[in-house]
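Undergrad: Got a predicted structure plus its sequence, pasted below:
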2 protein chains.
Amino acid sequence: MITSTRETKSVIVHKYGGSSVADAEKIATIARKICDRAETGVSMVIVVSAMGDSTDHLIELANAVSGDQTPLARELDTLLSTGELVTSTLMAMAITAAGHPAVSLSGQQAGIRTDTTHGSARIADIKADRLRRELGKGRVCVVAGFQGLSENEDVTTLGRGGSDTTAVALSVALEAERCEIYTDVDGIYTTDPRLVPAARKLVEINYDEMLEMASLGAKMNPRSIELAAVYDVPILVASAFEDVPGTLIHGGPQMMEIRRAVTGVAIDRDVAKITVRAVEDRPGIVGQIFVPLAEAGISVDVIVQNASLEGLTDVTFTVPRGDFQRALDLTKETCADFAQDVVGNTGLAKMSIVGTGMQNGPGYAATMFAALSKVNVNIEMITTSEIRITCVIDARMIKEAANALHSAFELDAAGG
Amino acid sequence: MITSTRETKSVIVHKYGGSSVADAEKIATIARKICDRAETGVSMVIVVSAMGDSTDHLIELANAVSGDQTPLARELDTLLSTGELVTSTLMAMAITAAGHPAVSLSGQQAGIRTDTTHGSARIADIKADRLRRELGKGRVCVVAGFQGLSENEDVTTLGRGGSDTTAVALSVALEAERCEIYTDVDGIYTTDPRLVPAARKLVEINYDEMLEMASLGAKMNPRSIELAAVYDVPILVASAFEDVPGTLIHGGPQMMEIRRAVTGVAIDRDVAKITVRAVEDRPGIVGQIFVPLAEAGISVDVIVQNASLEGLTDVTFTVPRGDFQRALDLTKETCADFAQDVVGNTGLAKMSIVGTGMQNGPGYAATMFAALSKVNVNIEMITTSEIRITCVIDARMIKEAANALHSAFELDAAGG
């Protein structure tokens, strides 16, 4: 897939998100920092997102000219890719003005080749010749994130958080020492600090845990974590402006500081539930419910089926809130002939404890249920993976639940 | 240079300027017109400029991040090229939404190859394979104007008015029937209608005259006119929104309607004058004045040298107003050793009469000077070409001068 050649000089990849490059002043501030770092002699590749809310503005325009139609995916990709081109050229100008030579490269110029899935393309290959040539001339390379070129010579985009993927993929291709993701939060926390005052910033976290915690503060693209895990690229998540230690995401064994079973508490507010009541419990029936949802591109998450009673069963599943009405309508249509009723509810949240240390260990689920019960939080659904236990609860109870779990698993700052 | 192959189906190229595509509503309106025309079965290529003042906004950002330095030309080109990419994708979406399949193509995708002169690149070749393929599928091709790709695989821009050049060059490559330039004025006028109420729209004008009149209402890029003249591509200049006849620029003989010696009166307000007093009249001295100006990229227009008196001479020349201060400072430096004084004045204008009919004919200059004298306009400098006579005058007298000339050469609407 991604081929790489060892550089003679060590390469560092930085990525800056949209809020870190929202205006000319912020770009100039970051450019000065990059310039200082480059002057130490390290080869630097900088991946940038579109400025602030410029992507939203472009989407508004696309909707406005498309009337009642969905904007064409191919055109939308080229349109949105301009946001990152703007930031990359401005950043190259700013770094040069700060005193170190720099050059911007589009996704295409950086050699990022993708499949043809417009809107969420996957990187197929990176032809890093030009990047290496520019680095060899001592230039900082500023790459427009989020974009690539398909085999049809069309611009593609990598989907939400795609600039993270660009940064990790370039780190792999250039065998970078480290990929540093700079953002408006200063690291990965044990849970959402806005809900749990005792939340603590993690010094490190491993890839598997980070994948499960992806919905936490840093909002990283899961695909970028997967890619980093496969090629074992360490990722540092840190603040773009404050000079404080961040969180290192890596594949090695945990260091002493956080040798705990549970690493964090993940919270997902984007949950709606649909229940199909009294389905005939025949082979194949339940599968029929999910085919139309898959065809409509609605991702179904937790699925629970109750024990059968007199040949009838209840099936409950969750979907993202934004897809709720479409999913409900589709399911009612599908089940009209073989179920009694379809009902739904959008006011839910998923509360998960995550940690590789709890793999196959007993007692974590019991502790979780007891902690929730103690603060009167009712559990509506349960699902588990090897390193995660998730409870679906009433969204109004998020705060109580998060604080209770954070404390029950000894994650509080006082206990660290 | 530009190779072409005869299409089986006739091709029409349209170009829309920035004010015609300034917002989503205007884009949708134009898209519907294009759709109607495409449905008649003609192959259509649409060249678009950046929306409204979006280019100015990008230049502001570039200046802001570059501090006291000039923005890097290579980066500025990629930055500015995004403006046309935005319009081209939105227009392709809008045409498709209006009912006819369309596809956007960047300068690169449209095969526009240029030299490496960032900021004012020249088109070296057009590889129109993809354009022909897309047209062959029955799609309207919307090409981002003003941009191309250099042999270094970097984005270049074609300079002010570059989208006109894109449109004419594509017309040549595709052997288009006609190139139609749609803009916020509805044609080429005998002179500026804001100054001369009797100004008349021309039905037609030939390439040579249009080149001289380039500073008139339509503000067309002279390079595009040159290119059209070389390959004999007829250009129609017309209103983007009003359904009224425009002006046809062509190379054929004039039709009856305007068999006049003088076709129009061109007005240029962007004139400053610099005079070097009492220069030693030795060989090579005058040339020395202009070398530093050329190196600084300042274009010198009219140059007049007075008769030598006691071995001393006065040299006067004009420069664009925006370059006045730089030019004055440079010239003072250059001439410190061999001239008495350097003085300047920005309040000037050029007033020209243009027409192929007056080639080598006598009396036109005399009529011009008399007409200006009658309204008390003093002539500061004079310069001529085969089909033009230009007088530099006080800018405050523009209106009187323009009306006097328009009437003296029988261009008034009443006289047509």
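TA: The structure has been received and is ready for your questions.
Undergrad: Check the gap between A:G284 and B:M213 for me.
TA: Going from A:G284 to B:M213 by CB to CB, to the nearest Å gives 78 Å. In this view, the C-beta of every residue, glycine as well, is placed from N, C-alpha and C.
Undergrad: neighbour count winner among those two?
TA: Shown here are A:G284 and B:M213; by other CB atoms under 10 Å in any protein chain shown, B:M213 has more neighbours (28 against 6).
Undergrad: you'd agree the more buried one is up against B:I188?
TA: Yes - counting by CB atoms under 8 Å, B:I188 is a contact partner of B:M213 at 6.8 Å.
Undergrad: how close does A:I379 get to A:V392?
TA: 7 Å.
Undergrad: From the neighbour counts alone, determine which of those two ranks first.
TA: Relative neighbour count places A:V392 above the other of A:I379 and A:V392, with 24 against 15, counting by other CB under 10 Å.
Undergrad: For my notes, confirm that one occurs in a strand.
TA: Yes - assessed by DSSP: H, G, I helix; E, B strand; the rest coil, A:V392 belongs to a strand.
Undergrad: Any idea how many residues pack against the closest residue to chain B within the stretch 251-400 of chain A?
TA: Per CB to the nearest CB, A:G297 is where the stretch 251-400 of chain A lies closest to chain B, at 20.5 Å. Neighbour count of A:G297, defined by other CB under 10 Å: 8.
Undergrad: Need the mean per-residue confidence for the helix or strand harbouring A:V168.
TA: Assigned by DSSP states H and E, A:V168 belongs to helix A:162-173. The average pLDDT for helix A:162-173 rounds to 96.
Undergrad: Equivalent analysis for stretch A:123-139, please.
TA: In this model, stretch A:123-139 carries a mean pLDDT of 96.
Undergrad: How about it and chain B, any contact?
TA: Yes - contact of stretch A:123-139 with chain B (CB under 8 Å from any CB of the partner chain) involves A:R130.
Undergrad: Now do the buried residues in that stretch.
TA: A:123, A:125-126, A:128, A:130-132, A:134-135, A:139 (16 or more other CB atoms under 10 Å in any protein chain shown).
Undergrad: Which of those residues fall in helices?
TA: Counting by DSSP state H, the part of the buried residues of stretch A:123-139 found in helices is A:130-132, A:134-135.
Undergrad: Relative to A:D323, how far out is the spatially closest residue to A:V354 that is not a sequence neighbour?
TA: Of all residues not flanking A:V354 in the chain, A:E212 sits nearest, at 4.3 Å (CB to CB, 6 or more residues apart in numbering or on different chains). Separation of A:E212 from A:D323 (CB to CB): 22 Å.
Undergrad: Between these two, point out the one with more neighbours.
TA: Neighbour count, other CB under 10 Å: between A:E212 and A:D323, A:E212 has more, with 25 against 18.
Undergrad: In contact with A:T334, which residues?
TA: By CB atoms under 8 Å, 6 or more residues apart in numbering or on different chains, the contact list for A:T334 reads A:288-289, A:291-292.
Undergrad: cool, and A:S239?
TA: For A:S239, the contact set (CB under 8 Å, 6+ apart) comprises A:182-187, A:246.
Undergrad: that older thread, now list whatever residues contact both of B:M213 and B:I188.
TA: Common contact partners of B:M213 and B:I188 (CB under 8 Å, 6+ apart): B:205, B:264.
Undergrad: Neighbours of the residue of the stretch 201-350 of chain A found nearest chain B, how many?
TA: Using CB to the nearest CB, the closest approach of the stretch 201-350 of chain A to chain B is made by A:A240 at 15.8 Å. Number of residues near A:A240 (other CB under 10 Å) recorded here: 21.
Undergrad: can you pull up the bridge partners for A:D341?
TA: A:R277 (DSSP bridges).
Undergrad: Actually, A:V237.
TA: A:I181, A:T247.
Undergrad: Contact partners for it?
TA: Applying CB under 8 Å, 6+ apart, we find A:V237 in contact with A:181, A:183, A:185, A:187-188, A:218, A:220, A:246-249.
Undergrad: Poorly predicted segments of chain A, please.
TA: Filtered on pLDDT under 70, chain A yields the residue ranges A:1-9, A:215-218, A:253-260, A:307-309, A:359-361, A:413-416.
Undergrad: Show me it divided up by domain.
TA: A:11-184, A:265-415 (automatic domain parsing).
Undergrad: Of all the ones you listed, which one is nearest B:A266?
TA: B:A266 lies closest to domain A:11-184 among those, at 36.6 Å (CB to CB).
Undergrad: what's the closest of the buried residues of stretch A:123-139 to chain B?
TA: A:R130 (7.5 Å).
Undergrad: Nearest residue to the middle of chain A?
TA: A:N221 (2.6 Å; CA atoms, centre = their mean).
Undergrad: Now for that one: which residues touch it?
TA: Contacts of A:N221 by CB under 8 Å, 6+ apart are A:159-162, A:164-165, A:214.
Undergrad: repeat that with 7 Å
TA: Counting by CB atoms under 7 Å, 6 or more residues apart in numbering or on different chains, A:N221 makes contact with A:160-162, A:164-165.
Undergrad: Skipping its backbone neighbours, what lies nearest it in space?
TA: In space, and not counting its chain neighbours, A:N221 is closest to A:G161: 3.0 Å by CB to CB, 6+ apart.
Undergrad: And A:T331, by the same measure?
TA: Nearest one to A:T331, counting by CB to CB, 6+ apart, is A:V342 at 5.1 Å.
Undergrad: dump the residue contacts of A:A167.
TA: A:13, A:15, A:47, A:145, A:179, A:181 are the contacts of A:A167 under CB under 7 Å, 6+ apart.
Undergrad: Determine which stretch of the domains of chain A is the most buried.
TA: Across the domains of chain A, averaging neighbours per residue (mean count of other CB atoms under 10 Å in any protein chain shown) puts domain A:11-184 on top, at a mean of 22.
Undergrad: residues contacting the closest residue in space to A:G246 that isn't next to it in sequence?
TA: In this structure, A:G246 finds its nearest non-sequential neighbour in A:A238, 2.8 Å apart by CB to CB, 6+ apart. Residues near A:A238 by CB under 7 Å, 6+ apart: A:180, A:182, A:186-187, A:246.
Undergrad: do A:I389 as well
TA: Neighbours of A:I389 in contact, by CB under 7 Å, 6+ apart: A:352-353, A:364-365, A:368.
Undergrad: just checking: which of these also lie near chain B?
TA: The subset of the contacts of A:I389 within reach of chain B, by CB under 7 Å from any CB of the partner chain, is empty.
Undergrad: what does chain A have sitting close to chain B?
TA: A:24, A:27-28, A:61-62, A:64-67, A:69, A:71-72, A:75, A:78-79, A:82, A:85-86, A:89-90, A:92-94, A:96-97, A:104, A:109, A:153.
Undergrad: Let's see which of the residues you listed end up in strands.
TA: A:S104 (DSSP state E).
Undergrad: Select from the residues of chain A next to chain B every entry located in helices.
TA: Those of these lying in helices (DSSP H): A:24, A:27-28, A:61-62, A:64-65, A:75, A:78-79, A:82, A:85-86, A:89-90, A:92-94, A:96-97.
Undergrad: ok, which stretches of the stretch 251-400 of chain A are helices?
TA: Ranges of helices within the stretch 251-400 of chain A are A:285-295, A:324-335, A:364-374, A:398-408, based on DSSP state H, counting those that start in this stretch.
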